[in-house]
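K.L.:
Coordinates for the following, if possible.
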Amino acid sequence: MGAAVTTRRGHGADARPPGTGPAPSRRDDASHARVLRVAGPLVEIVCPASVAMHELVTLGSAEVPGEVVAIQGDTATVQAYEYTGGLAPGHPVQPQRRPLSVRLAPDLLGGVFDGLLRPLAGAGDFLMSGPNTAPDGRTWPFTPRVAEGAQVSAGDILGEIGASVPLRLLVPPDLSGTVNRITAAGDHRPETVLAVVDGHEVGMVRFWPVRRPRPVAARLAAELPLHTGQRAVDLLFPVAHGSTVAVPGGFGTGKTMLLQQIAKWCDADVIVYVGCGERGNEMADVIAELAELTDPRTGGRLADRTVTIANTSNMPMMAREASVHTGATVAEYFRDMGLDVVLIADSTSRWAEALREFASRMGELPAEEGYPAGLASQLAAFYERAATVRTLGGATGSVTVIGAVSPPGGDRTEPVTAHTERFVRCLWSLDRDLAYARHYPAVSWADSFSRDAATLTASQARAGDPEWAERRGRVAHLLAEADRLAGLVELVGITALPPRERISVLAGRLLREAVIQQNALSPADAYSTPEKTAALVEAALTVIDRCVELVGSGVPADAVEAVDFTPLQRAREVAGPAETAPVAAARDTVLDRLKGVT
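P.N.:
Got it, this is the predicted structure:
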């Protein structure tokens, strides 16, 4: 919403929704702010006391939260984050003297929250609002790491908190000085004061404005690969820790499934999953599945290191607008502890639709397809919160942002998709034809890109895999060549092509079926380690090279195409996620069959 401030102020002091009439004069006997007019989620209030832009207020006796989005004289316009039914003119308004902020604490891990980070309760296919309190009554083991009298600065570690991932109690960003008191080791609730620094109490719970990025010492180059376990991504379009990814795709192309696979298998320490405007039953399924999955890293529940923010399509529209900022704030909270965090937003198109609806209600001048003129700036501000950083305490942490985009009708020229492609480092475009052919993940090797690939080549070489770039280049070239010939095959048939080009078509098929394709429902194939991926690629390329040699020596292409390549095509499901021996055995079996071809 950072850019939206400029847009709304750009209307000048007279900015008002259409049809509201002239601003009423202030009553001399007014002593409290009150509701003047209610129009859906937009509420006009009279404020005898001053209020600020983006200040949080509560409306009526139900204390409906809202945010000030426009001010004219002694009246202000508020966007409500909850249903405003029952709210009427004259009801009291309470300014909170702070922007929209969320509670940050270790008990976020494993929880399910709405767009304002309030706990949700699940029941079957439904998600319901829970109490606006701490998520649960758990206690957390705390071990101090400094002594009383020590001098500390912002971001320094005061102690460690036992959890499914290593958490730390840090000195707040705006505080430094002497440790006046530190609590002894033991189990404590999040609200407990664990230390006193320079006279200020410090506990596990902190509050932070959702639209203000948390401070860091420095932004660092993104150089380490994020292993997702999805071969189409890790091999062809890799992403670095602290980078940004857009996943555009039409209905039915498998966006949600791909994002769920990444949430399950990527090598991040913490996953923040934002379901922004998705169907309630889909989010309920995601939450139930995360609760049942075993974390391959810890052996516990995967949900124990996941924070789920669910703002479904039946929840208030403006809470959806805030949900992506809430997710970014949660991700930065764990990043500041030196952790690698992946923030998944599914989908930013629904977020943009909330911006469009709100801009329409505010009477803003519409731009492309009715979206606000500041759409590009707001998308850029969101993706800008991804980074690898050196924290205030000197540790290294990262936030990687992966945002799904749902272009209407698969039109990638529409504004959300077009602007998003400008700001991200990687694009995993999902192809409808691949999805309808049951090729998953349906990542298009023709329409996707990775600007991180060049940087990650050096990182892969340092990690002991200097051939990574060569394998990636050969696979990309063979797939492109097969796509080029596909149109000719449809026109004239495969038998009309020269033998060498017929083998190129065969090579594309083998790479697609033996390497790129992946079965999310198979225990052996849902996740692929870098070692298994390298083995599959090496096996496929070795077989392809042998086929090229055979046709080059005069062997008819028909004879090569008649060979049964099934062992190679099935190796990905026969070998376990980290096994390479079955892949080598399948390769040798196919090579033996090729020896008999004449």
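
K.L.:
pLDDT at the closest residue to G409 other than its chain neighbours, what is it?
P.N.:
Once flanking residues are discounted, G409 sits nearest to G250: 6.6 Å by CB to CB, 6 or more residues apart in numbering. Bear in mind the C-beta positions are built from the backbone N, C-alpha and C, glycine included. The model reports G250 with a pLDDT of 87.

K.L.:
for A49, same thing?
P.N.:
A49 carries a pLDDT value of 73.

K.L.:
Check the gap between it and Q94 for me.
P.N.:
11 Å (CB to CB, to the nearest Å).

K.L.:
Could you pull up phi and psi at the nearest residue to A240 once chain neighbours are set aside?
P.N.:
Excluding the flanking residues, the one nearest A240 by CB to CB, 6+ apart is A222, at 3.8 Å. Main-chain dihedrals, A222, degrees, to the nearest 10: phi -80, psi 110.

K.L.:
Who are the contact partners of A222?
P.N.:
240-243, 387-388, 398, 425, 452, 455 (CB atoms under 8 Å, 6 or more residues apart in numbering).

K.L.:
Kindly present those as JSON lines, with separate columns for neighbour count, distance to P99 and pLDDT.
P.N.:
Shown next, in JSON lines, are the contacts of A222 (neighbours: other CB atoms under 10 Å; distance: CB to CB, whole Å; pLDDT from 0 to 100):
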{"residue": "A240", "neighbour count": "24", "distance to P99": "32", "pLDDT": "97"}
{"residue": "H241", "neighbour count": "26", "distance to P99": "29", "pLDDT": "97"}
{"residue": "G242", "neighbour count": "27", "distance to P99": "26", "pLDDT": "97"}
{"residue": "S243", "neighbour count": "27", "distance to P99": "28", "pLDDT": "97"}
{"residue": "A387", "neighbour count": "23", "distance to P99": "22", "pLDDT": "97"}
{"residue": "T388", "neighbour count": "23", "distance to P99": "27", "pLDDT": "97"}
{"residue": "S398", "neighbour count": "25", "distance to P99": "26", "pLDDT": "98"}
{"residue": "R425", "neighbour count": "22", "distance to P99": "29", "pLDDT": "97"}
{"residue": "D452", "neighbour count": "24", "distance to P99": "34", "pLDDT": "96"}
{"residue": "T455", "neighbour count": "18", "distance to P99": "36", "pLDDT": "92"}
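
K.L.:
does A584 belong to a helix or a strand, and which?
P.N.:
Assigned by DSSP states H and E, A584 falls within helix 581-595.

K.L.:
quick one on the thing from earlier: contacts only, for the residue nearest to G409.
P.N.:
Here G250 is in contact with 406-407, 409-410, 430, 432 (CB under 8 Å, 6+ apart).

K.L.:
Secondary structure and distance to M257 added to the residues you listed, as CSV?
P.N.:
As requested, the contacts of G250 are arranged in CSV below (DSSP: H, G, I helix; E, B strand; the rest coil; distance: CB to CB, whole Å):
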residue, secondary structure, distance to M257
S406, coil, 14
P407, coil, 18
G409, helix, 20
G410, helix, 17
L430, strand, 10
R432, helix, 15
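
K.L.:
I only care about those residues that end up buried; give me the PyMOL line for that.
P.N.:
Here is the PyMOL command that selects the buried residues among the contacts of G250 (16 or more other CB atoms under 10 Å):
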select buried, resi 406+407+410+430
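
K.L.:
Now the two most distant members of the contacts of G250.
P.N.:
Spanning the widest gap among the contacts of G250 are G409 and L430, at 13.8 Å by CB to CB.

K.L.:
wait, isn't W140 in contact with G159?
P.N.:
No: between W140 and G159 there is no contact under CB atoms under 8 Å: 10.7 Å.

K.L.:
sorry, back to before: need the contacts of A222 in CSV (columns: distance to G300).
P.N.:
Output for the contacts of A222, formatted as CSV (distance: CB to CB, whole Å):
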residue, distance to G300
A240, 27
H241, 23
G242, 26
S243, 28
A387, 29
T388, 27
S398, 23
R425, 32
D452, 31
T455, 33
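
K.L.:
ok, of these, which one's closest to L116?
P.N.:
After measuring the contacts of A222 against L116 - CB to CB - the closest member comes out as A387, at 24.6 Å.

K.L.:
Who does the closest one form a beta bridge with?
P.N.:
V399 (DSSP bridges).

K.L.:
how close does it sit to R472?
P.N.:
25 Å.

K.L.:
A418 - nearest residue in space that isn't next to it in sequence?
P.N.:
R412 (7.1 Å).

K.L.:
scratch that, V102
P.N.:
Closest to V102 by CB to CB, 6+ apart is L117, at 4.0 Å.

K.L.:
which residues does that neighbour contact?
P.N.:
With contact taken as CB under 8 Å, 6+ apart, L117 is in contact with 102-103, 108, 309, 326, 330.

K.L.:
What's the first helix or strand after the helix or strand of the chain with the lowest mean pLDDT?
P.N.:
Lowest by mean pLDDT, DSSP states H and E among the helices and strands of the chain is helix 2-9, with a mean of 34. Next in sequence after helix 2-9, counting helices and strands by DSSP H and E, comes strand 34-39.

K.L.:
Quick one: mean pLDDT for that next one?
P.N.:
On average, strand 34-39 scores 93.

K.L.:
by contact count, what packs against the helix or strand following it?
P.N.:
Per DSSP H and E, the first helix or strand lying C-terminal to strand 34-39 is strand 42-46. In terms of contacts (3 or more CB pairs under 8 Å, 6 or more residues apart in numbering; DSSP states H and E), strand 42-46 is packed against strand 34-39, strand 55-59, strand 75-80.

K.L.:
Which other helices and strands does whichever helix or strand comes after the last one contact?
P.N.:
Tracing the chain C-terminally past strand 75-80 and defining elements by DSSP H and E, one meets strand 93-99 next. Strand 93-99 is packed against strand 55-59, with contacts defined by 3+ CB pairs under 8 Å, 6+ apart.

K.L.:
Report the mean per-residue pLDDT for the strand it packs on.
P.N.:
The model assigns strand 55-59 a mean pLDDT of 94.

K.L.:
try stretch 548-555
P.N.:
95.

K.L.:
Could you list the buried residues of stretch 67-78?
P.N.:
Quick answer for stretch 67-78 (16+ other CB under 10 Å): 67-72, 74-78.

K.L.:
for those residues, which one is nearest I402?
P.N.:
E67 (26.9 Å).

K.L.:
what does the helix holding A584 contact?
P.N.:
Contacts with helix 581-595, where a contact means CB under 8 Å, 6+ apart, come from 532, 535-536, 538-539, 542-543, 546-547, 550, 560, 563-565, 567-568, 570-572, 574-576.

K.L.:
what about 6 Å?
P.N.:
The set of residues external to helix 581-595 that reach it, using CB atoms under 6 Å, 6 or more residues apart in numbering, is 535-536, 539, 542-543, 546, 563, 565, 567-568, 571, 574-575.

K.L.:
likewise stretch 267-280?
P.N.:
Residues contacting stretch 267-280 (CB under 6 Å, 6+ apart): 127, 165, 227, 263, 283, 305-314, 320, 323-324, 327, 330-331, 334, 339-346, 350-351.

K.L.:
start to end distance for that stretch?
P.N.:
Terminal residues of stretch 267-280 lie 28 Å apart, using CA to CA, to the nearest Å.

K.L.:
any idea of the mean pLDDT for it?
P.N.:
On average, stretch 267-280 scores 88.

K.L.:
Now that stretch: buried residues?
P.N.:
Quick answer for stretch 267-280 (16+ other CB under 10 Å): 268-278, 280.

K.L.:
care to break this structure down by domain?
P.N.:
In terms of domains, the chain is parsed into 2-99, 138-204, 218-450, 468-595 (source: automatic domain parsing).

K.L.:
Please confirm that I262 is located within a strand.
P.N.:
No: applying DSSP: H, G, I helix; E, B strand; the rest coil, one finds I262 to be helix, outside a strand.

K.L.:
pretty sure it is in contact with H227, am I right?
P.N.:
No: using CB atoms under 6 Å as the test, I262 is too far from H227 to be in contact (10.1 Å).

K.L.:
out of the two, which sits in the more crowded spot?
P.N.:
Taking neighbours as other CB atoms under 10 Å, I262 and H227 compare with I262 leading, 26 against 20.
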